[in-house]
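Engineer: Provided below for reference: sequence and predicted model.
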Amino acid sequence: MKNPPKAPKRLAVLVSGSGSNLQALIDRTEDGTLPVDIVRVISNVPGVYALERAEKHGIPVKVIPHGQYANAGEFSQAILEELLRCQADIVCLAGFMRILTAEVPLAFPGRMLNIHPALLPAFGGKGMYGHHVHQAVLDSGTQFSGATVHIVTEEPDAGPIVLQKIVPVLPDDDVESLAKRVLEVEHEIYPQAVKWVAEDRLIIKGKRVAVKED
Ligand code: GAR
């Protein structure tokens with residue numbers, strides 16, 4: 001007898017800003033190439049465009065303003081409670097600009113992902129977010145940047161790397177032009193990496209990640 005079809009995995013997305021990566025995930029779920037249900041979008045900043053994008057697509061949103069909590073631990077606890085309440089299987093940080101304490105990634109081992117706008121392990125860690133990353137890349141003189149999807153662990157930007165894609169840094173780039181080129185590849189690789197997690201295809205050994213054949 002055939003096994004009954006499995007329910008799609010439940011994805012929660014954490015955002016702080018424009019939400020173009022969230023949009024890429026929504027688009028791939030709607031065109032059927034990403035087999036997950038986006039069950040919640042959580043923002044630590046009220047009024048951001050990512051929330052509007054979610055609402056346009058009928059996805060329930062929750063705002064958890066970090067400033068209302070005494071410290072990162074209490075804020076992280078509130079985030080964790082919401083993730084458990086919506087019964088998320090997979091969690092994506094998509095332009096989420098706060099560092100969460102260890103209990104959050106520990107609750108989703110191998111199932112919490114982040115997208116970073118550079119080629120980790122270079123240009124990551126504390127203070128390396130958004131335009132700071134692209135400025136550091138330009139200041140370094142490197143001729144290549146890119147995007148990285150990695151598993152979230154206790155140490156910021158240091159978890160196992162799932163997928164990367166390279167873009168050139170051009171001589172006349174500024175932060176804006178480089179960010180735009182990097183974002184384009186972010187939108188390709190994030191849905192792909194989430195798909196692998198949803199299909200239970202990642203084999204994680206220490207820092208190294210392999211992908212099982214389809
Ligand atoms: C993206 O470039 C993402 O990689 C970066 O912020 C931008 C958010 O864009 N994230 C970080 O820097 C996290 N360390 P989006 O809101 O349009 O997806």
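Structural biologist: Cool, got the structure. Just so you know, these numbers come straight off a predicted model, no measurement behind them. Residues are numbered from 1 along each chain as shown.
Engineer: what stretches of the chain score poorly on pLDDT?
Structural biologist: Scanning the chain for pLDDT under 70 picks out the ranges 1-2.
Engineer: break down it into its strands, ranges please.
Structural biologist: Listed in chain order, the strands found in the chain under DSSP state E are 9-15, 36-43, 61-63, 90-93, 112-116, 144-151, 161-168, 202-205, 208-211.
Engineer: save those strands as a markdown table, and put in distance to Q77 and mean neighbour count too.
Structural biologist: C-beta coordinates here come from the backbone N, C-alpha and C atoms, glycine included. Shown next, in a markdown table, are those (distance: least, CB to CB, whole Å; neighbours: other CB atoms under 10 Å):
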| stretch | distance to Q77 | mean neighbour count |
| --- | --- | --- |
| strand 9-15 | 14 | 25 |
| strand 36-43 | 13 | 22 |
| strand 61-63 | 14 | 16 |
| strand 90-93 | 15 | 24 |
| strand 112-116 | 16 | 25 |
| strand 144-151 | 21 | 23 |
| strand 161-168 | 27 | 17 |
| strand 202-205 | 26 | 13 |
| strand 208-211 | 29 | 13 |
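Engineer: let me have the ones you listed in CSV, extended by distance to the ligand.
Structural biologist: Converted to CSV, the strands of the chain look like this (distance: least, CB to the nearest ligand atom, whole Å):
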stretch, distance to the ligand
strand 9-15, 6
strand 36-43, 10
strand 61-63, 14
strand 90-93, 7
strand 112-116, 5
strand 144-151, 6
strand 161-168, 12
strand 202-205, 20
strand 208-211, 19
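Engineer: need the contact list for the residue in the chain positioned nearest to the ligand.
Structural biologist: Nearest to the ligand in the chain, going by CB to the nearest ligand atom, is G95, at a distance of 2.6 Å. If you count contacts by CB atoms under 8 Å, 6 or more residues apart in numbering, G95 has them with 15-22, 50, 115, 130.
Engineer: and the furthest pair within those?
Structural biologist: The most widely separated members of the contacts of G95, counting by CB to CB, are L22 and G130 (15.3 Å).
Engineer: how many neighbours does P60 have?
Structural biologist: Look at P60: counted by other CB atoms under 10 Å, it has 13 neighbours.
Engineer: nearest spatial neighbour of it, skipping sequence neighbours?
Structural biologist: Spatial nearest neighbour of P60, excluding adjacent residues (CB to CB, 6 or more residues apart in numbering): R40 at 5.6 Å.
Engineer: show me the contacts for that neighbour.
Structural biologist: So, once contact is read as CB under 8 Å, 6+ apart, R40 ends up touching 12-13, 59-62, 82-83, 86, 88.
Engineer: want to try TSV for those residues, with distance to F144 as columns?
Structural biologist: Output for these, formatted as TSV (distance: CB to CB, whole Å):
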residue	distance to F144
A12	32
V13	28
I59	35
P60	39
V61	36
K62	38
E82	38
L83	35
C86	38
A88	34
